[in-house]
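# What follows is a predicted structure for the sequence shown.
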Amino acid sequence: EVLSGTLKLIAQSGTIRLGYRTDAAPFSFVSKAGEVHGYSIDLCRAIAAAIGDEIGGAPPRVEFRQVTAADRLYRVVAGEVDLECGSTTNTAARRERVAFSPLIFITGTRLAVRRDAGIRGLADLGGRSVAVVRGTTNEQALRDIVARQGLRVGIVATDDMAQAFDLLASGRVDAVGGDDVLLVGQLVRTGERARHAVVGALLTFERYGIAYARDDPQLAAVVERTMRNLARASELRAIYNKWFVRTLPNGERLDMPMGPELTRSFEMLGMPPE
């Protein structure tokens, strides 16, 4: 088969460009040593290796390009990154711009608060404010819920999760809104879990995928096949457990075993039951 689209460009340049986030632990983050790590990064590395097999010759060199919540999809559309390896929710609106891998994670919007603040959910934020990362589904969801329920809650948009938590630490906001797992990941990474709690019901339901260029059938075929192969070999479970169940390199543990919906999704890709 003659190469086309992204695979042709990767074959010509010898390089695959992976978009990473600095603030989306444990999916995509930078270690203290300056290395890019994470669950989504491991999945993207597997896809990159499969692309190498597909195009023949030497495996492509991996080049990491930093993206933000606000510009990540633009960077895919503009052809600046080949795979966006973060914590990106697959929505109908986004599918008009980019394609998504099979589901890699399921989570939802909740609130992180100081344990001594007496806040148990969104209803307790009347007259207070919440920080949320600009360009996320969480930002839109919180704005919609606050408007629909007529809540007196100020929404402060930040550039990243670290900035949002800085506002919480300095008392300028009373909560941080974000995907449950990203809030826990940030608290674990910064050693702040003892002083903060993630509270309230899930306000949204977020299904993550790896984003890549639309209308690129060769790339889509490799992404799908890689995910199925990882599932069948139980490698998908091993990669999940590495980041969400086992002790992380910094000595912390998220302790988030795979939930029933995600297990079912992976089994549909071919993962054998335990």
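Nice, thanks for sending it over.

# for the chain, what spans make up the strands?
For the chain, the strands defined by DSSP state E occupy 15-20, 23-24, 28-30, 36-37, 61-66, 83-89, 98-100, 105-107, 109-114, 128-133, 153-158, 175-179, 196-199, 206-213.

# Run me through the strand neighbours of the fourth one, direction for each.
Yep, that's strand 36-37 we're talking about. If you go by DSSP bridges, strand 36-37 pairs up with strand 28-30 (antiparallel).

# what's the answer for the longest one, then?
Strand 206-213 pairs in its sheet with strand 83-89 (antiparallel), strand 98-100 (antiparallel), strand 105-107 (antiparallel), by DSSP bridges.

# and the gap between Phe46 and Ile155?
Check again: residue 46 is Ala, not Phe. 37 Å (Cβ to Cβ, to the nearest Å). To be clear about C-beta, it is placed using only N, CA and C from the backbone, and glycine gets the same treatment.

# whoops, Thr204 was the one
Separation of Thr204 from Ile155 (Cβ to Cβ): 15 Å.

# got it, and Arg237?
In this view, Arg237 and Ile155 are 38 Å apart by Cβ to Cβ.

# just Val133 next, same as before
In this view, Val133 and Ile155 are 11 Å apart by Cβ to Cβ.

# again with Gly121
Taking Cβ to Cβ, one finds Gly121 at 16 Å from Ile155.

# ok, now Thr22?
Per Cβ to Cβ, Thr22 is found 23 Å from Ile155.

# Next: Glu261.
Glu261 sits 28 Å away from Ile155, going by Cβ to Cβ.

# Mind checking which of these two has more residues around it?
Counted by other Cβ atoms under 10 Å, Glu261 and Ile155 do not tie: Ile155 has more neighbours, with 15 against 12.
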